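Chemist: Okay, structure incoming, though there's no sequence with it:
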């Protein structure tokens, strides 16, 4: 059930830990968000995004939790995010996350936000437990006793309007972050590990800010200079088109392309078998057959 209160929407969901929940769909609600969150020293954040058919992840929903409120910000309907940059890059605020690197990637590529003070509850747990850390739901159940439903893990976050199940899932994903953080801090303090966790969490967030191709480039340890050049062309080309690099041609074919590049463009059969579209082959040849 969604109740309209002014511009923003206050949502009644069945949360185990009660908080006011607001669905934000307009920049007119910025003042309300800032008034609520600027006084807070600790906030939890999570993102829902689509990364199936694009080079960059598409941020669909940003969830922000304080001790008594949850904001579900529809990032397909908001067109000015400067207020979020100022809020989330505040070095005085502790940003609590689960798996900081992936969400940092989404925030950097979509909103040019680089978090300053991060605490990753998943990372912290690796120093507090001998158990294998599986997921956020595992930590929620361990620290709060609440078992979350994960029915919307593969949900289509581009679709509007959101379903009640999607909103429930999104709210749950930030609802327990601060509570878990506070309980972990008490344990870390006993072992004098707090500063180290903040330091490592910041590093994880920083890694999420790096160029997307770096993780794929690391897999080409034995690649020749020619192969690396072709790899980088494919990365730059696909980023301009905002499509996955595999939509140009498969990574496993980089070695073959480098080895047979001198036979192009006369070898039309190989070109058709390698490139997914003719225009991609044409643009490739413009670069490498100058």
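Modeler: Yes, it's here. Quantities reported herein were computed from a predicted structural model and do not represent experimental measurements. Residues are numbered from 1 along each chain as shown.

Chemist: Going along the chain, name the helices of the stretch 1-150 of the chain.
Modeler: 30-37, 82-88, 100-111, 121-128, 136-144 (DSSP state H, counting those that start in this stretch).

Chemist: Which among the ones you listed is found nearest to residue 272?
Modeler: The minimum distance between residue 272 and the helices of the stretch 1-150 of the chain falls on helix 100-111, with 32.5 Å, by CB to CB. The C-beta positions use only the backbone N, C-alpha and C, and glycine is treated the same way.

Chemist: which residues touch that closest one?
Modeler: Helix 100-111 has contacts (CB atoms under 8 Å, 6 or more residues apart in numbering) with 45-47, 49, 56-59, 75, 81, 84-85, 88, 97, 113-115, 118, 120, 122-123, 201, 204-209, 212.

Chemist: Now do it and helix 121-128, the angle between them.
Modeler: Interaxial angle, helix 100-111 versus helix 121-128 (axes from the mean of the first three to the mean of the last three CA atoms, to 10 degrees): 160 degrees.

Chemist: average pLDDT for helix 100-111?
Modeler: In this model, helix 100-111 has a mean pLDDT of 97.

Chemist: Could you do stretch 189-196 as well?
Modeler: On average, stretch 189-196 scores 95.

Chemist: Equivalent analysis for stretch 160-167, please.
Modeler: On average, stretch 160-167 scores 93.

Chemist: Number the chain from 31, please
Modeler: Noted, 31 is the first residue going forward, which turns the last one into stretch 190-197.

Chemist: And for residue 181, the neighbour number?
Modeler: Using other CB atoms under 10 Å, residue 181 is surrounded by 11 other residues.

Chemist: Now which of the contacts of helix 130-141 would you call buried?
Modeler: 75-77, 79, 86-89, 105, 111, 114, 118, 127, 143, 145, 148, 150, 152-153, 231, 234-236, 238-239, 242 (16 or more other CB atoms under 10 Å).

Chemist: Just these: which are in strands?
Modeler: Mapping these onto strands (DSSP state E) picks out 75-77, 79, 88-89, 127, 148, 150.

Chemist: Buried residues in stretch 173-190, which are they?
Modeler: Result for stretch 173-190 [16+ other CB under 10 Å]: buried residues 173-174, 176, 178, 182, 185, 187.

Chemist: pLDDT and distance to residue 222 for those - can I get that in a markdown table?
Modeler: Shown next, in a markdown table, are the buried residues of stretch 173-190 (pLDDT from 0 to 100; distance: CB to CB, whole Å):
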| residue | pLDDT | distance to residue 222 |
| --- | --- | --- |
| 173 | 96 | 21 |
| 174 | 94 | 26 |
| 176 | 93 | 30 |
| 178 | 90 | 32 |
| 182 | 72 | 39 |
| 185 | 92 | 41 |
| 187 | 97 | 40 |
